[in-house]
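# With the sequence up front, the predicted model follows.
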Amino acid sequence: MPHRSNPVAAACDTLNSRFSNKADVTALLGAFCFFLSAIEYMLPKPMPFMRLGIANLPILLAVDLLPFPWFVTLALVKVIGMSLISGSLFSFVALFSLAGTLTAALVMWASRKMGGRLISQIGVSILGAMTSNAVQVVLARYVVFGQAAWLIAPLFLVMGLVTGTALGIFAEHFARRSRWYACAAGLAAPEPRKQGALDAEAGGAASGASLNATQKSTAKAARREKKAAARAARKQRFEAWFSPWAAALAGAVIAIAFLFENNMALKLGMFFLLALAAHFAGKRLSFVTTIVVSAGIILTNLLVPSGRVLARLGPLAITQFALTEGIMKALTFEGLMLLSKASIMPGLKLPGNLGGIVATAFVYYDHIIEYKGRIRAASLSADADAMMSAVWEHENLGDPAQAKADGQRTPPPRKPTPATRS
């Protein structure tokens, strides 16, 4: 076969011909979404449900890779997988993620197909990011913040413009340099860059690393290990008592009851019970984070006075109805997060083709977090491409039956992900 003498053409043969299996490509891109989402959780955000959008990078790349049905499937896989990893499936966070991701995906797809090559990936990314943020602001208006959501809308739209631009620039750079992307799109794979050039790009980044950043006191490390061991023991007992599907179904029923409970005393009592359930499920809880998020929700509701004035703090009037509504919304928001943590267990697997793709995506994700290569800021595009190629070539994943079997016995990652609320 004459093309094998050409190393550029042969590169796609090295990655094999599995690119025709759109379910497999969708699963890998979904796993990449999970990985970026885990990174995104570590980054500061103005509101708990708002995201910078870096987890949408695989969806942006998939606009030119996947047919429309598989493209929509990827968006659903991203939302479901992120909700399972973070334990937010029954919370408002999952609702915001679903609405933002699907609307952004549809807008990106439509703009790319109607504009063709006249609109770059930068433009597609900006449209998707701003649409996603706008939809989430509208949801926030009716679910969390009330009229005060319009006061913070400009901030989120500007954030969408900035992050959308940055994401689009990286996507264009990655698409031009990535051999994996070129093979998936049926394009000529770019020539591999020399290792010396890559090392030169990243040379300065590693030299400033300090070993002191990883050092911890022995006493502090011992306390953390003790807490982790106690949490693992509680988790093991909890998972022995409840099956994943039983816990999920119970969680769905309780979520409906909790959501529509309008008595503050009863809702507060349910909130503490949900906190206990999450504790006994072995989930890490952050009292400080809960207080900060709840205070933010209450304060934002107070920005639109309603009802009898109870007190004044400078220009801010604390009114009865706004305060009550803010407390109820904060309890609902945080309570549903606690419920999700308690009821979503690692062994939960969804039925059908979508469930199989999600399971395969978790297999890929497991290999991504076990990837031994280096991901460096100075050569991020090349390193990300090397990681995707290495994960794609992993043995057994080319067999859908084997991948599904691996997915059934591989739960969402056992290692603590950077999801701050799990």
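Received, thanks.
# how about low-confidence regions in the stretch 201-350 of the chain?
Regions of the stretch 201-350 of the chain meeting the criterion pLDDT under 70 cover residues 201-217, 346-347.
# mind listing the helices for it?
Assigned helices in the stretch 201-350 of the chain, in chain order: 218-241, 244-259, 264-280, 287-302, 320-343 (criterion: DSSP state H, counting those that start in this stretch).
# Which other helices and strands does the third one contact?
Counting contacts by 3 or more CB pairs under 8 Å, 6 or more residues apart in numbering; DSSP states H and E, the secondary-structure elements packed against helix 264-280 are helix 218-241, helix 244-259, helix 320-343. All C-beta atoms are positioned from the backbone trio N, CA, C, and that covers glycine.
# May I see the buried residues of the shortest one?
It refers to helix 244-259. 244, 247-248, 251, 254-255, 258 (16 or more other CB atoms under 10 Å).
# which one of these is nearest residue 234?
residue 247 (14.2 Å; CB to CB).
# Could you pull up the residues touching the closest one?
Residue 247 makes contact with 342-345, 348 under the criterion CB atoms under 8 Å, 6 or more residues apart in numbering.
# any idea how far residue 115 is from it?
As judged by CB to CB, to the nearest Å, residue 247 and residue 115 stand 46 Å apart.
# now residue 27, nearest residue through space, not along the chain?
residue 360 (4.0 Å; CB to CB, 6 or more residues apart in numbering).
# check which helix or strand covers the one you found.
In this structure, residue 360 sits in helix 352-369 according to DSSP states H and E.
# for the helices and strands packed on helix 264-280, which one sits closest to residue 266?
That would be, of the helices and strands packed on helix 264-280 and by CB to CB, helix 244-259, which comes in at 9.6 Å.
# and the closest one with helix 264-280, angle?
Here the directions of helix 244-259 and helix 264-280 differ by 160 degrees (axes from the mean of the first three to the mean of the last three CA atoms, to 10 degrees).
# From the chain's centroid, how far away is helix 244-259?
Offset of helix 244-259 from its chain centre (CA atoms, centre = their mean, to the nearest Å): 22 Å.
# Residue 107 - nearest residue in space that isn't next to it in sequence?
Closest to residue 107 by CB to CB, 6+ apart is residue 131, at 4.5 Å.
# mind checking how far that neighbour is from residue 177?
Separation of residue 131 from residue 177 (CB to CB): 28 Å.
# Pick out whichever of those two has more residues nearby.
Shown here are residue 131 and residue 177; by other CB atoms under 10 Å, residue 131 has more neighbours (20 against 16).
# how far out from the middle of the chain is the helix or strand that contains that one?
Taking DSSP H and E as the criterion, residue 131 maps to helix 121-143. Centre-to-centre, helix 121-143 and its host chain are 16 Å apart (CA atoms, centre = their mean).
# One more: stretch 339-357?
Relative to its chain's centre, stretch 339-357 lies at 15 Å (CA atoms, centre = their mean).
# and what of stretch 253-270?
27 Å.
# is it true that residue 164 touches residue 128?
Yes. Residue 164 lies in contact with residue 128 (CB atoms under 8 Å); the separation is 6.6 Å.
# any residues in contact with both of these two?
In terms of CB under 8 Å, 6+ apart, residue 164 and residue 128 are both contacted by the residues residue 53.
# The residue nearest to residue 107: what's it in contact with?
Contacts of residue 131 (CB under 8 Å, 6+ apart): 103-104, 107, 160.
# Would you format the helices of the stretch 201-350 of the chain as CSV with distance to residue 392 included?
Shown next, in CSV, are those (distance: least, CB to CB, whole Å):
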stretch, distance to residue 392
helix 218-241, 32
helix 244-259, 29
helix 264-280, 36
helix 287-302, 36
helix 320-343, 32
